[in-house]
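> Could you work out the structure for the sequence below:
(2 chains)
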Amino acid sequence: MNKRAGIGFYIFLVVFVFFVMFPFIWVFLTSIKPPGEIFNNFRWFTSSPSLESYDNAINNRPLFRYMWNSFVVSTLTTLIAIGFASIAAYALTRLPIRFKGVILGIILAASMFPQIAIISPIYNFVTAAGLRNSYMGLVIPYITVSLPLAIWILATFFQKIPWELEESAKLDGASPFQTFRKIIFPLAAPGVFTTGILVFIAAWNEYLFALTINTSDEWRTVPVGISFYQSQFTIPWGDISAATVLVTIPIVILVLIFQRRIVAGLTSGSVKE
Amino acid sequence: MKFQLNEKQLGYAMVAPALILVILVTLWPVAQSFYNSLFDYRLNDPSRSERFLSSNMDLERYANDYFYLSRDLEALEGQAPDPDDAAAVAEISQEFEAYHAELLEMDGLAEQYEEVEGMIASFTAIADRELKYASVENDWAEGFKAFLDDASEQLTTISQNTESEEFSVTAGNVAGSLDSVNTAVIESNFIGFDNYQRYLTDSRMWQSMWNTLLFTITSVFAELVLGLMIALLINRAFVGRGIVRASVLIPWAIPTAVAAMMWGFLYDGQTGIVAHYFEQFGLIDDASVLLSTGAGGMFSVIFADVWKTTPYMALLLLAGLQTIPGSLYEAAEVDGAGKWQQFWKVTLPLLKSAILVALLFRTLDAFRVFDLIFVLTGGGPANATESISIYAYITLFSQSNFGAGSVLSVIVFISVAIISTLFIKFIGSDLFAGKTGR
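Numbering: from 1, shown residues only, chains lettered A, B, ... in the order given. All right, here's what the predicted structure looks like:
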């Protein structure tokens, strides 16, 4: 961190950020063009901005319904995963149980499972349980993705909490459960919150299960819904651009508010400190 | 007396629910996938839509058909104008009843049959598959099926040769009923490793495996090199860190399917700006090349993946870089090491475990790639970008072939297991360091 940033460095930064953001910029500029203009030139800026594409994007397909579905499914998934994972991660990092390595190994292996390897039995199960085209039909399979991820990240965060506080709580006669509730949880809350954001994003972005299990349009989630904007014969790029902008806005807000936490969560599992 | 768990027991009790859930939703389905792969199991074919280790009778169908067939055979016998035909029908009828009697003599079948008959009489559909299907002896099923084939053929011949038109039509109908009973006898669809044999010699499987490997190796390597370069460059104090961090996180945070749609627009041969600029700069001959040729498609998919994931890689590596104490570089400088030497002798060795962990997660992610390719190219053009996951998905859900599709699922699973084992061998216990505690 002793290097100084010169003017060349800032030019590099601007170019880098521009390249990373370019698809978004272009898609946004397209979304405010009148639909007729998209197909005949490559001008960056339109002379007559219009919201027609947004109108079409919302009215041709139930975009807000997709967003609501994604929101409900991701929230339920996050709550369930964090509930089970925080208890398990606490025991794994704090309590004197055996086979910790084996258990963590199983959890890590589970987080690496290719979804395609489990999709057909899950599909059979969800169909047999009558949960196709419902929120629970997605929440249950999403446990496969979210629970191992949550335990893995939470275990790292819990490990960083100083032991001394817990020891003194024990000396004062607190039970392990009281220690968890009164000492560990308040200290761990930031980590839990970060894990929650990451699990939420993972559930929001999931595609394969959502594609196969919720096949009726009103139960589709955002990623699947967006991918169905293109029909076999026409590709309404105006609608797609507008829809992309609309579904990206919540993510941009989430990232802007929580960027520090997200980075901390992402890097916690991979870096030793 | 108060019941109190000690710390250890409490620990197990706290880990158990999560662990059981994880096992239920991952290990159990994988075992199921493997089991399914041993059957000729197709959801869209009624005689193969279940997995049967032995021969079975669809009792619902059979009981329904039996009622009419038994009656029709008797009537047919009376109708026959030619005594030879009457004798032939009588023989079929007798043999059919004999098989029916044998069926009912099997263990517990009489009661099950009666129950099914009762439900049919009251027009109730049978949802319980334990009741609907009855396992029967393989020899019997084989004999019965052969008899039904013979009888149906015999009746068809009779119906074609007779002079009475009425008799001909009825005989034809009865032959049809015999065929219908035939479909109620379901032979075992257990085929062992036949599916595996088929796919291990399937050129489309090897093509999709090659595509997957090419995609994985190229994109992960590009992401690592670019990510490392970016991480090294931005590992310093500068104004606007927040903006850079946010702009780097957004591609990572948006759904892959949304990114794929965006890139589909940018690559489009007519309206795509990226395709247009590539053409302008002479990188490609024609704007349509990106999505309409095999090489163009593969490039497009890899480029989009690199765009989406390099920033994430850079973040992981940057976090690793920041744990390297500056004093090490000072010491290296005092010893006369140049920048290049510092990179090879200080940075890389200390970054090794962060790189390996990032590589592990990225490689596995890339190997199971599905949504990016599925949305961007659909595996086309001409399967040139089809990954193994997409091939498996198409076999499973577009062709409803769960037996064959499960083979491909198992192949993906085994490949992922091999890749992770190799990586974990390299990384060793570092992966768990700082997690298992004292």
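> the helices in the stretch 1-150 of chain B, which residues?
B:7-22, B:28-36, B:59-79, B:83-105, B:109-121, B:129-132, B:138-161 (DSSP state H, counting those that start in this stretch).
> now for the helix or strand harbouring residue B:411, which elements pack on it?
Residue B:411 belongs to helix B:402-427 when assigned by DSSP states H and E. The contact analysis (3 or more Cβ pairs under 8 Å, 6 or more residues apart in numbering or on different chains; DSSP states H and E) places helix B:402-427 against helix A:115-128, helix B:28-36, helix B:194-200, helix B:203-234, helix B:348-367, helix B:388-393. Backbone N, C-alpha and C define where each C-beta goes, glycine included.
> if you set the cut-off to 6 Å instead, what comes out?
helix A:115-128, helix B:28-36, helix B:194-200, helix B:348-367, helix B:388-393 (3 or more Cβ pairs under 6 Å, 6 or more residues apart in numbering or on different chains; DSSP states H and E).
> Out of those, which one sits most buried?
helix B:388-393 (a mean of 26; mean count of other Cβ atoms under 10 Å in any protein chain shown).
> what comes into contact with it?
Residues from elsewhere that reach helix B:388-393, judged by Cβ atoms under 6 Å, 6 or more residues apart in numbering or on different chains: A:116, B:208-209, B:212, B:368, B:370, B:373-374, B:379, B:405, B:408-409, B:412.
> so which one among these has the lowest pLDDT?
Lowest model confidence among the contacts of helix B:388-393 falls on residue B:379, which carries 84.
> Would you confirm that that residue contacts residue B:387?
No - using Cβ atoms under 6 Å, residue B:379 is not in contact with residue B:387, being 7.3 Å away.
> more neighbours, these two?
Using other Cβ atoms under 10 Å in any protein chain shown, the more surrounded residue of residue B:379 and residue B:387 is residue B:387, with 28 against 22.
> tell me the contacts of the more buried one?
Per Cβ under 6 Å, 6+ apart, neighbours of residue B:387: B:211, B:212, B:369, B:373.
> ok, now how distant is it from residue B:297?
12 Å (Cβ to Cβ, to the nearest Å).
> before we move on, what about residue B:339?
40 Å.
> Compare the two (neighbour count), which wins?
Taking neighbours as other Cβ under 10 Å, residue B:339 and residue B:297 compare with residue B:297 leading, 27 against 10.
> which of the contacts of residue B:387 has the most neighbours?
residue B:373 leads the contacts of residue B:387 on contacts (other Cβ under 10 Å) with 27 neighbours.
> roughly how far apart are that one and residue B:411?
17 Å.
> give me the number of residues near residue 207?
In the absence of a named chain, this looks at chain A. Residues near residue A:207, counting by other Cβ under 10 Å: 23.
> other chain: chain B
Residue B:207: 15 neighbours (other Cβ under 10 Å).
> give the contact list for residue B:211.
Counted by Cβ under 6 Å, 6+ apart, residue B:211 has contacts B:386, B:387.
> Nearest the middle, which residue of chain A would you pick?
In chain A, the centroid-proximal residue (Cα atoms, centre = their mean) is residue A:201; its distance is 0.9 Å.
> mind checking pLDDT for the closest residue to it other than its chain neighbours?
Spatial nearest neighbour of residue A:201, chain neighbours left out: residue B:253 (5.7 Å); criterion: Cβ to Cβ, 6 or more residues apart in numbering or on different chains. We have a pLDDT of 89 for residue B:253.
> Equivalent analysis for the one 5 residues further on, please.
According to the model's per-residue confidence, residue B:258 sits at a pLDDT of 93.
> helix or strand for it, which one?
helix B:256-267.
> can you list contacts of that helix?
A:23, A:27, A:207, A:223, A:226-227, A:237, A:240, A:244, B:272-275, B:290-291, B:300, B:304, B:308, B:371-372, B:375-376.
> Show me the helices in the stretch 101-250 of chain A, by range?
A:115-128, A:136-159, A:163-171, A:176-179, A:185-205, A:208-213, A:222-227, A:237-268.
> so which of those helices is the most packed in?
The stretch of the helices of the stretch 101-250 of chain A with the highest mean neighbour count (mean count of other Cβ under 10 Å) is helix A:222-227, at a mean of 26.
> Report the residue spans of chain A with pLDDT below the cut-off.
Where chain A drops to pLDDT under 70, the residues are A:1-5, A:232, A:269-273.
> Including distance to chain A and mean pLDDT, could the helices of the stretch 1-150 of chain B go into a markdown table?
Below are the helices of the stretch 1-150 of chain B laid out as a markdown table (distance: least, Cβ to the nearest Cβ, whole Å; pLDDT from 0 to 100):
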| stretch | distance to chain A | mean pLDDT |
| --- | --- | --- |
| helix B:7-22 | 3 | 84 |
| helix B:28-36 | 4 | 89 |
| helix B:59-79 | 18 | 83 |
| helix B:83-105 | 28 | 85 |
| helix B:109-121 | 20 | 83 |
| helix B:129-132 | 10 | 79 |
| helix B:138-161 | 25 | 85 |
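> Dump those into JSON lines; add distance to residue A:267 as well.
Output for these, formatted as JSON lines (distance: least, Cβ to Cβ, whole Å):
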{"stretch": "helix B:7-22", "distance to residue A:267": "23"}
{"stretch": "helix B:28-36", "distance to residue A:267": "30"}
{"stretch": "helix B:59-79", "distance to residue A:267": "59"}
{"stretch": "helix B:83-105", "distance to residue A:267": "67"}
{"stretch": "helix B:109-121", "distance to residue A:267": "61"}
{"stretch": "helix B:129-132", "distance to residue A:267": "50"}
{"stretch": "helix B:138-161", "distance to residue A:267": "60"}
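> Nearest to residue B:347 among those helices would be which one?
Nearest to residue B:347 among those is helix B:7-22 (36.7 Å), distances taken as Cβ to Cβ.
> tell me which residues of the closest one are tucked away?
Buried positions in helix B:7-22, judged by neighbour count with 16 or more other Cβ atoms under 10 Å in any protein chain shown: B:10, B:11, B:12, B:14, B:15, B:18, B:19, B:21, B:22.
> what's the domain layout of chain B?
B:53-186, B:197-432 (automatic domain parsing).
> Of all the helices and strands packed on helix B:402-427, which one comes closest to residue B:242?
helix B:348-367 (22.9 Å).
> Remind me what the helix or strand just after the closest one packs against, helices and strands.
Going down the chain from helix B:348-367, the next helix or strand is helix B:371-376, by DSSP H and E. Using 3+ Cβ pairs under 6 Å, 6+ apart as the contact test, the elements touching helix B:371-376 are helix B:256-267, helix B:294-321.
> Pick the most buried one from the ones you listed.
helix B:256-267 (a mean of 25).
> Could you list the domains of chain A?
A:7-54, A:62-228.
> Now do the buried residues in stretch B:263-280.
B:263-269, B:271-276, B:278-279.
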